[in-house]
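# fold the following for me, if possible:
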Amino acid sequence: MSTIEPEKSALKDVVGIGVLSITTERDFDGTIKKIVPTCRGIELKFESQKSSFIATSEDGTITIETQPPEGLSRKKSGHQEISASNRRWLVDIQTPREAITTTIHAVTDFRAEVQFTAGENEKTRRHPFIPFDLNIKHPAVLKPKTDILLALQIFGHMAAAARMVKSLPEPIRNKTFMAAKETDNVPASIKHMQQIGIFRDDLMIPLTYDDATSGGMHLQERKSAIWWLAQNPELVNRFMTAKVVISDLREETAWLKHMADCMHLPQIFLALTYAWPQRLDELDNLHPDLVSAFSRLPNKEAKIRALHEVGLEETDAVIDWFDWARRWKAGVVGNHAQAADAILTFGLVSPEIAPPNFDNCIVCPPRTHLETDSVEALWFKDKKKVVVILGSGDWTERELFVKNIITTANLLPDCHLIIVGPLNGQTPVAINLPSNITTLGFVNSAIVDGLTKSADIAVIKPGNISLGETAGTITLIAPTDNLEHSLEISKMAGNPRSVAIAVEVMEERLTTAVEEWISLGSPKYFSPLLDISSPEEIAAKITDALKIKDTLMPKLAKIPSGGTQLLATIVESLLTNSFSRSEVPRIVQQIKLQVGKKWEQEKI
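Residues are numbered from 1 along each chain as shown. Coordinates of the predicted model:
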């Protein structure tokens with residue numbers, strides 16, 4: 001960084017709080033010629049530390065960061081790096097009482113049209129969730145909001161969103177955009193959206209994120225917020241045209257919502273989440289199998305020990321899904337979630353049976369199944385139909401499950417098993433398939449829906465995403481992640497991810513079995529929880545489920561359906577009606593009433 005005074009300075013920019021300030025001088029083409037930190041008018045000296053420069057005084061510090069945190073590298077998220085001409089640096093000024101973080105362009109004029117700023121002081125720290133104000137300088141701030149933005153993270157969530165997009169009228173669908181991290185499964189998801197006729201060239205927007213940098217408890221760090229915004233320019237551009245923002249409860253989306261609050265933008269934020277808003281594990285008279293499964297889950301201390309064993313801290317994962325997810329993912333304070341205007345959970349259990357314990361949570365009926373061409377040709381004639389949905393997410397028991405479900409087919413000669421999803425998961429499995437198993441790999445949502453609707457029995461890995469795909473079909477649910485097994489996997493792979501995921505999702509994934517059990521009418525003689533320890537146990541459970549299918553199906557028929565279509569109708573209404581930011585709480589309660597009427601059609 002040059003500290004040579006130019007012969008003729010064209011542009012100056014000053015950022016400061018209290019007695020600290022930093023002046024950026026540029027020549028006429030926008031090139032930075034000099035950056036001067038000062039305290040009480042006296043120039044300070046920068047000390048270089050890797051990709052940052054720090055000036056320190058008794059009154060505080062001034063920092064320039066020229067590179068984002070490693071986790072927010074665009075390349076790491078599968079996207080092209082930002083061009084040099086559009087790259088930003090971060091400027092942070094801290095005093096004992098207040099702080100400000102903002103961006104400056106590394107090359108172009110400091111008067112560039114887009115700038116992000118976060119300010120923190122005693123007043124902002126009183127906010128119950130995010131302790132700083134967010135502001136954005138952008139040419140589209142005052143322009144009409146006309147679009148829908150879906151900010152998603154993984155394949156399964158994109159498949160769920162595709163159902164909603166398919167349900168939208170075409171003019172509204174063409175105003176819908178998806179932001180996603182470029183994981184290995186995104187190309188498959190794009191192919192599936194092409195197959196069901198909803199993909200277009202401008203549908204996908206790059207999304208850069210990193211749980212260790214900007215997720216979880218890092219939500220409260222203003223520098224993380226500014227770097228995340230700076231590394232997601234396409235997302236910010238689309239955010240500025242969005243009237244409805246739907247996310248899968250990415251913590252960073254709460255920053256966008258906070259920005260809309262600070263700037264009074266007429267936008268509404270909906271977060272799609274899982275079963276934790278309803279404490280289904282605490283319901284009375286649960287089946288003994290379910291009670292026993294919850295009692296065997298590791299406690300908080302065991303989870304923390306496991307995290308420490310792979311070099312993680314307890315702040316790197318949501319230790320208690322039911323309580324911590326409320327606080328750190330949804331920002332529930334008192335009786336209200338701060339992270340979104342409404343938290344939406346698709347479930348099989350009506351809010352009358354298990355009401356959520358905060359007022360802006362909306363329990364939607366199961367997702368809408370897509371119409372599809374007949375899948376009957378995929379099934380063998382004169383055999384019972386069992387669809388096995390493996391899904392794409394991490395699950396420590398996948399290898400054991402795949403191995404035993406394949407062997408199970410030999411014990412069920414009267415059944416045809418169709419397996420959807422990746423057989424091998426993260427670890428290759430030696431596969432020698434029996435003649436009554438068909439494997440399809442990844443297929444689009446319409447085919448999955450067709451298979452589940454035509455199947456006698458569905459078998460799934462634990463998780464709300466998979467359960468939503470099989471709503472209305474008797475579903476057997478494999479056990480949740482095993483913490484000791486996740487430790488083994490993490491140590492072998494040299495990656496702590498398996499432990500972090502297992503710690504977070506065990507309660508939520510087990511709750512899936514509670515939902516299915518309640519939807520079956522809470523039978524005392526049957527539990528949908530599957531023992532996958534041996535092929536014999538799996539075969540016995542499938543056999544039992546087939547025997548009582550006719551008894552249980554009338555219960556399933558009473559569950560309201562069409563939750564995705566209902567959400568699409570709500571989104572369409574929001575997009576076509578005018579409202580101000582101050583009206584959003586009232587709108588959320590109207591939506592809640594609208595969804596409640598859907599549940600009242602049939603009570604389970």
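# which residues in the stretch 1-150 of the chain form strands?
Per DSSP state E, counting those that start in this stretch, the stretch 1-150 of the chain has strands spanning 11-17, 20-26, 32-39, 42-43, 47-49, 52-57, 60-65, 88-94, 99-105, 115-120, 133-137, 147-151. These are given in chain order.
# give me the contacts around the last one.
Yep, that's strand 147-151 we're talking about. In this structure, residues lying in contact with strand 147-151 by C-beta atoms under 8 Å, 6 or more residues apart in numbering are 161, 165, 172, 175-179, 205, 207, 235, 238-239, 241-248, 250, 253, 571, 575. In short, each C-beta sits where N, CA and C put it, glycine included.
# filter these down to the ones in strands?
Using DSSP state E, the members of these that fall within strands are 176-179, 205, 242-247.
# contacting residues for F53?
Counting by C-beta under 8 Å, 6+ apart, F53 makes contact with 1, 35, 46-47, 63-64, 66.
# at 6 Å instead, please
With contacts defined as C-beta atoms under 6 Å, 6 or more residues apart in numbering, the neighbours of F53 are 46, 64.
# same check on A179?
Residues in contact with A179, defined by C-beta under 6 Å, 6+ apart, are 151, 205, 207, 235.
# for the closest residue to R222 other than its chain neighbours, give its distance to V499.
Closest residue to R222 in three dimensions, ignoring its sequence neighbours and counting by C-beta to C-beta, 6 or more residues apart in numbering: A118, at 3.8 Å. When distances are taken as C-beta to C-beta, to the nearest Å, A118 and V499 turn out to be 32 Å apart.
# other residues contacting stretch 287-301?
281, 319, 483, 506, 510, 514, 517, 527, 529.
# recalculate using a threshold of 7 Å.
Contacts to stretch 287-301, defined as C-beta atoms under 7 Å, 6 or more residues apart in numbering, come from residues 281, 319-320, 483, 506-507, 510, 513-514, 517, 524, 527, 529.
# chain center to it: distance?
Averaging C-alpha coordinates over stretch 287-301 and over its chain gives two centres that are 26 Å apart (C-alpha atoms, centre = their mean, to the nearest Å).
# for that stretch, output the C-alpha coordinates as CSV.
These are the backbone C-alpha positions of stretch 287-301, laid out as CSV (Å, rounded to 0.1, in the frame of the first residue of the first chain):
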residue,chain,number,x,y,z
HIS,A,287,-44.7,-44.7,21.9
PRO,A,288,-42.1,-46.5,24.1
ASP,A,289,-39.7,-46.9,21.2
LEU,A,290,-39.7,-43.1,20.7
VAL,A,291,-39.3,-42.3,24.4
SER,A,292,-36.4,-44.8,24.5
ALA,A,293,-34.7,-43.3,21.4
PHE,A,294,-34.8,-39.8,22.9
SER,A,295,-33.4,-41.0,26.2
ARG,A,296,-30.4,-42.5,24.4
LEU,A,297,-29.4,-39.3,22.7
PRO,A,298,-26.1,-37.9,24.1
ASN,A,299,-26.4,-35.0,26.5
LYS,A,300,-24.9,-31.5,26.1
GLU,A,301,-21.6,-32.5,27.9
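# list the buried ones in it?
Within stretch 287-301, the residues scored as buried using 16 or more other C-beta atoms under 10 Å are 287, 290, 293-294, 297-298.
# same deal with stretch 573-588?
In stretch 573-588, the ones that count as buried by 16+ other C-beta under 10 Å are 574-575, 581, 584, 587-588.
# mind listing the residues bridging to the nearest residue to L451 once chain neighbours are set aside?
Distance criterion C-beta to C-beta, 6+ apart; nearest residue to L451, sequence neighbours excluded, is V387 at 4.6 Å. In this structure, V387 bridges to I418, A458 when assessed by DSSP bridges.
# I'm done for today, thanks for sticking with me.
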